[in-house]
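1. Return a 3D structure for these sequence lines:
(one chain, ligands or ions: 2)
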Amino acid sequence: MATIKKQSGIGIGFLGLILLSTVLFTTYENKILWLSLSFLLMTLGGLFYFQTIYGKPLPGIKNDGVWFSSLSSRGLSGWILGMGLTAFYIAIYWFPEILGFNSEDKSSGLVALFDPLSYFLNGQAASQWFLYGTLYTFAILLFGVKFIWKYWGNRYQLFRTLSVMFFQLCFAFLIPEILAKLNPSTPYFAKDLKNMWPLNYYFLDEWHLTNMITGGNLGLFFLLFGLGMIFIGSPILTYFFGKRWYCSWVCGCGALAETAGDPFRQLSSKKLSVWKFERWMIHVVLVFVTVTTIAALWSFITQNPEMSLLTREQFIGGVVLFLFVLMTILFFWKKNGLEKDAKYTLVSLGSILILSLCIQGFSGQNNILFLNSYSFQKWYGFGVGAAFSGVLGVGFYPFLGSRVWCRFGCPMAAILGLQQRLFSKFRISTNGGQCISCGNCSAYCEMGIDVRAYAQRGENIVRSSCVGCGICSAVCPRGVLKLENDRLKNRINPTIYPLGNAMEVNS
Ligand code: SF4
Ligand code: SF4
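-> Numbers count the residues shown, from 1 in each chain. Ligands and ions are numbered 1, 2, ... in the order given. As a prediction, the model looks like this:
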């Protein structure tokens, strides 16, 4: 009976998806009807299916058969889904005309189907980005319901999921669209309050800064709010709560990973080699985005001196001073919190950066850091902003797990991770004596952290990559793991027991 109910749910949901997809090949007159019908069927099918699986909860979290399902263990269904998602992302970013988008004239096909909703919300015809934003938000809401059902009884998961659903629906989707409708003559700038630099890598780009400065009170508000969040709000929140306040409670990328990506969380690799690669990769991206931003600000100041509060010399002096102070603090004050290789890389990179800034900045050249900021930004936008965050980040859920982007490519996660590692009250405490080494926690850690290794030693987990999703704690049958905010002192408590590898314990 349950199997028939499950299959009916899948069938109804697929019918909705097929209805939506037929628009790729034809244009319907009654768009409202087709759009509503396809979303209704997808919602009903999804809810029916989730109810069958999670509706009558047995004690514990239902992860049965996760390694036997073709979808969640890199089987045929997983491959089909992964390739479908990847193809969709490639179309959205580089070939939107396949979806019916027409930048010169009226769009058709799938993009045009969303016209009624787009006119209603922002007063303009739909673009491929509106289509994407709608589907993205829909996925978070639908799979968010499933997530709540699955983890029913765990209050942390309940509130966290409601929070990401709220931020995605209101702050990332509805408010920006409505603001665009209310301010039709205001130039475009990202009107998403939770979207700050460096996740929004173009926040400090010349065109974006100019649009905010010339965007009236609304533009100025977003500029000041963004700067306030980068330099004040975010470090304070991370100090008190760890990076989870953003990565697991607010961020849209995290929201999709946690909800739609939940069936794939166990696919994240726990290998030491992957962890080493992750540390290098994510910090290289952070350096990359910092350098492009400095270069972009330099071009802004050079080309718009009348809009700038600082002269070129003051700007370079300020950046050099900031980098110098940051390096000194990290190297001397927080030296115990960083690995040797991290410390030396930091000093070499920082010195190269400071030297090149001084040489080019004070000699009055138009390009800074020996770069043409525009081509550099273009490559960043292509490589990291589109290919990594979209195609790899979501398209590869069924192959590499749900947090590929957060783990290897998100510069925001890198900054918050450094703050979490160096000065945050957050940690996961472990009651080692209770651990039965079942490995559930490690298996379901989407960030690839070997949680069990810490639990077995009774060691606090203070890892820059931990997004504080709390799933390790939720799936632990012995109540070993506790997400806590407490005093900074002694939060890193390495134990002397070796783990069977040569890695230093305090990492
Ligand atoms: S260690 Fe636990 S809380 Fe941290 S990312 Fe992994 S599963 Fe989530
Ligand atoms: S899930 Fe709990 S009992 Fe199992 S290995 Fe992890 S900490 Fe130990």
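2. Quick check: next helix or strand after the lowest-mean-pLDDT helix or strand in the chain?
-> The weakest-scoring helix or strand in the chain, judged by mean pLDDT, DSSP states H and E, is helix 373-380 (a mean of 64). Using DSSP states H and E, the helix or strand that follows helix 373-380 in sequence is helix 393-395.
3. near ligand 1 at all, the lengthiest helix in the chain?
-> In the chain, taking DSSP state H as the definition, the longest helix is helix 272-303. No: counting by Cβ under 6 Å from any ligand atom, ligand 1 has no neighbours in helix 272-303; the shortest distance is 12.3 Å. For the C-beta atoms, the positions are set from N, CA and C on the backbone; glycine is no exception.
4. do the same with stretch 149-163
-> No: using Cβ under 6 Å from any ligand atom, stretch 149-163 stays clear of ligand 1, with a minimum separation of 9.9 Å.
5. name the helices or strands packed onto the helix or strand Phe39 falls within?
-> In the assignment (DSSP H and E), Phe39 maps to helix 31-54. Applying 3 or more Cβ pairs under 8 Å, 6 or more residues apart in numbering; DSSP states H and E, one finds that helix 31-54 contacts helix 2-22, helix 109-113, helix 115-122, helix 128-150.
6. send the alpha carbons of that helix over as PDB?
-> Provided in PDB are the C-alpha atoms of helix 31-54 (Å, rounded to 0.1, in the frame of the first residue of the first chain):
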ATOM      1  CA  LYS A  31      -0.100  30.900 -19.100                       C
ATOM      2  CA  ILE A  32      -1.600  31.400 -15.600                       C
ATOM      3  CA  LEU A  33      -3.500  28.100 -16.000                       C
ATOM      4  CA  TRP A  34      -0.400  26.100 -17.000                       C
ATOM      5  CA  LEU A  35       1.900  27.700 -14.500                       C
ATOM      6  CA  SER A  36      -0.500  27.200 -11.600                       C
ATOM      7  CA  LEU A  37      -1.400  23.600 -12.700                       C
ATOM      8  CA  SER A  38       2.200  22.500 -13.000                       C
ATOM      9  CA  PHE A  39       3.200  24.000  -9.600                       C
ATOM     10  CA  LEU A  40       0.100  22.600  -8.000                       C
ATOM     11  CA  LEU A  41       0.800  19.100  -9.300                       C
ATOM     12  CA  MET A  42       4.500  19.200  -8.200                       C
ATOM     13  CA  THR A  43       3.500  20.400  -4.800                       C
ATOM     14  CA  LEU A  44       0.700  17.900  -4.300                       C
ATOM     15  CA  GLY A  45       2.900  15.000  -5.600                       C
ATOM     16  CA  GLY A  46       5.800  16.000  -3.400                       C
ATOM     17  CA  LEU A  47       3.600  16.400  -0.300                       C
ATOM     18  CA  PHE A  48       1.900  13.100  -0.900                       C
ATOM     19  CA  TYR A  49       5.200  11.300  -1.300                       C
ATOM     20  CA  PHE A  50       6.800  12.900   1.800                       C
ATOM     21  CA  GLN A  51       3.700  12.100   3.900                       C
ATOM     22  CA  THR A  52       4.000   8.500   2.900                       C
ATOM     23  CA  ILE A  53       7.600   8.200   4.000                       C
ATOM     24  CA  TYR A  54       7.700  10.600   7.000                       C
END
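7. quick one: contacts of the next helix or strand after that helix?
-> Downstream of helix 31-54, the first helix or strand assigned by DSSP H and E is helix 76-94. Helix 76-94 has contacts (Cβ atoms under 8 Å, 6 or more residues apart in numbering) with 69-72, 98-99, 128-129, 131-132, 264, 386-387, 390-391, 394-399.
8. what angle separates helix 76-94 from helix 128-150?
-> If you take axes from the mean of the first three to the mean of the last three Cα atoms, to 10 degrees, helix 76-94 sits at 150 degrees to helix 128-150.
9. Just the buried positions in helix 76-94, please.
-> 78, 81-82, 85-86, 88-93 (16 or more other Cβ atoms under 10 Å).
10. and if you look at stretch 170-184?
-> For stretch 170-184, by 16+ other Cβ under 10 Å, it's 171-173, 176-177, 180.
11. got the CA positions of that stretch in CSV?
-> Extracted C-alpha coordinates of stretch 170-184, given in CSV (Å, rounded to 0.1, in the frame of the first residue of the first chain):
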residue,chain,number,x,y,z
CYS,A,170,11.0,37.1,1.7
PHE,A,171,14.5,38.5,1.6
ALA,A,172,15.9,36.8,-1.5
PHE,A,173,12.7,36.5,-3.6
LEU,A,174,9.7,38.7,-2.8
ILE,A,175,11.3,41.9,-1.3
PRO,A,176,13.8,42.5,-4.2
GLU,A,177,11.1,41.9,-6.8
ILE,A,178,8.6,44.2,-5.0
LEU,A,179,11.3,46.9,-4.5
ALA,A,180,12.0,46.7,-8.2
LYS,A,181,8.3,47.3,-8.9
LEU,A,182,8.1,50.2,-6.5
ASN,A,183,11.2,51.9,-7.8
PRO,A,184,11.1,51.3,-11.6
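12. How far away from the center of its chain is it?
-> Relative to its chain's centre, stretch 170-184 lies at 21 Å (Cα atoms, centre = their mean, to the nearest Å).
13. where in the stretch 351-500 of the chain is pLDDT low?
-> 360-386, 495-500 (pLDDT under 70).
14. Up against ligand 2, what does it have?
-> Neighbours of ligand 2 within the stretch 351-500 of the chain, by Cβ under 6 Å from any ligand atom: 435-441, 451-452, 455, 476-478, 480-481.
15. Apply 8 Å and report the result again.
-> By the rule Cβ under 8 Å from any ligand atom, the part of the stretch 351-500 of the chain lying against ligand 2 is 430, 434-442, 451-452, 455-456, 472, 475-481.
16. now, which of those residues lie within helices?
-> 440-442, 451-452, 455-456, 472, 475.
17. which two in the residues you listed are spaced the farthest apart?
-> Gln456 and Val475 (16.2 Å; Cβ to Cβ).
18. ok, now which ones touch Cys406?
-> Taking Cβ under 8 Å, 6+ apart, one finds 247, 253-254, 257, 413, 447, 467 in contact with Cys406.
19. so of these, which ones are in strands?
-> Residues of the contacts of Cys406 located in strands (DSSP state E): none.
20. Would you show me how to pick out the buried ones of these in PyMOL?
-> In PyMOL syntax, the buried subset of the contacts of Cys406 is picked out as below (16+ other Cβ under 10 Å):
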select buried, resi 247+253+254+257+413+447+467
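21. Good, we can wrap up now.
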